[in-house]
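Asks: have a look at this prediction, sequence included:
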Amino acid sequence: MALSMSTLTSSFSSLSFSSQISRNPNSISIPQPPKSLPISMSKTTRSLSVAATVAAPAESEPSIIGTGRRKCAIARVVLQEGSGKFIINYLDAKEYLQGNPLWQQYIKVPLVTLGYETSYDVFVKAHGGGLSGQAQAISLGIARASLKVSENHRSPLKKEGLLTRDSRVVERKKAGLKKARKAPQYSKR
């Protein structure tokens, strides 16, 4: 089944690709390609046919986006009208947060405060930090995204302290110390 280089070169050089731009932005017109492309082998002949179709973009519901941060964690949150499911990094929230009830409570508080716990589906991409920081970042992201739904949500969210970014981060280690503030044991003599 060894193909000769000259056969392949001549077959591919005879191909020509062209496209035409139409005025309709959702359609692309491509000239009809040849039905088959003969590629000759030592004793057998096989053909290769190529066809392509372009699908129109589907009309989807508007999604509401919010970003939350905590320590080193960053969460990009997308709210869509739905049944109240939480998907974090393509996993169910309970599975992703390892069944920890405190972390699950963190992510549900903003929607429960507004009474939307079964009205929106929450899709999250979270990275950095640990699961606790990610859960708190998700909470801030959901609160910020719900502000885009209605500005009237600001007062109940602010009253619960859900719109405030917690700026506390780990303090850096200093030279001559064991940690950020812990000094080596003092020896008098």
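Replies: In hand now; what should we look at?

Asks: contacts, neighbours, all on C-alpha from now
Replies: Will do.

Asks: for this structure, longest helix please?
Replies: The longest helix of the chain (DSSP state H) is helix 131-149.

Asks: and that one, which residues are buried?
Replies: For helix 131-149, burial by neighbour count (16 or more other Cα atoms under 10 Å) applies to 131-147.

Asks: just the CA trace of that helix, in PDB.
Replies: Written as PDB, here are the backbone C-alpha positions of helix 131-149 (Å, rounded to 0.1, in the frame of the first residue of the first chain):
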ATOM      1  CA  LEU A 131     -12.400  24.400  47.900                       C
ATOM      2  CA  SER A 132     -13.300  26.800  50.700                       C
ATOM      3  CA  GLY A 133     -12.000  29.800  48.900                       C
ATOM      4  CA  GLN A 134     -13.700  28.700  45.700                       C
ATOM      5  CA  ALA A 135     -17.000  28.300  47.500                       C
ATOM      6  CA  GLN A 136     -16.800  31.800  48.800                       C
ATOM      7  CA  ALA A 137     -15.700  33.100  45.400                       C
ATOM      8  CA  ILE A 138     -18.800  31.400  43.900                       C
ATOM      9  CA  SER A 139     -21.000  33.100  46.400                       C
ATOM     10  CA  LEU A 140     -19.700  36.500  45.500                       C
ATOM     11  CA  GLY A 141     -20.000  35.700  41.800                       C
ATOM     12  CA  ILE A 142     -23.600  34.700  42.100                       C
ATOM     13  CA  ALA A 143     -24.400  37.800  44.100                       C
ATOM     14  CA  ARG A 144     -22.800  40.000  41.500                       C
ATOM     15  CA  ALA A 145     -24.500  38.200  38.600                       C
ATOM     16  CA  SER A 146     -27.900  38.600  40.400                       C
ATOM     17  CA  LEU A 147     -27.400  42.400  40.500                       C
ATOM     18  CA  LYS A 148     -27.500  42.300  36.700                       C
ATOM     19  CA  VAL A 149     -30.900  40.700  36.800                       C
END
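
Asks: begin at 40 from here
Replies: From this message on, residue numbering opens at 40, which makes the last subject helix 170-188.

Asks: for Val116, what is the enclosing helix or strand?
Replies: Element membership for Val116, per DSSP states H and E: strand 112-120.
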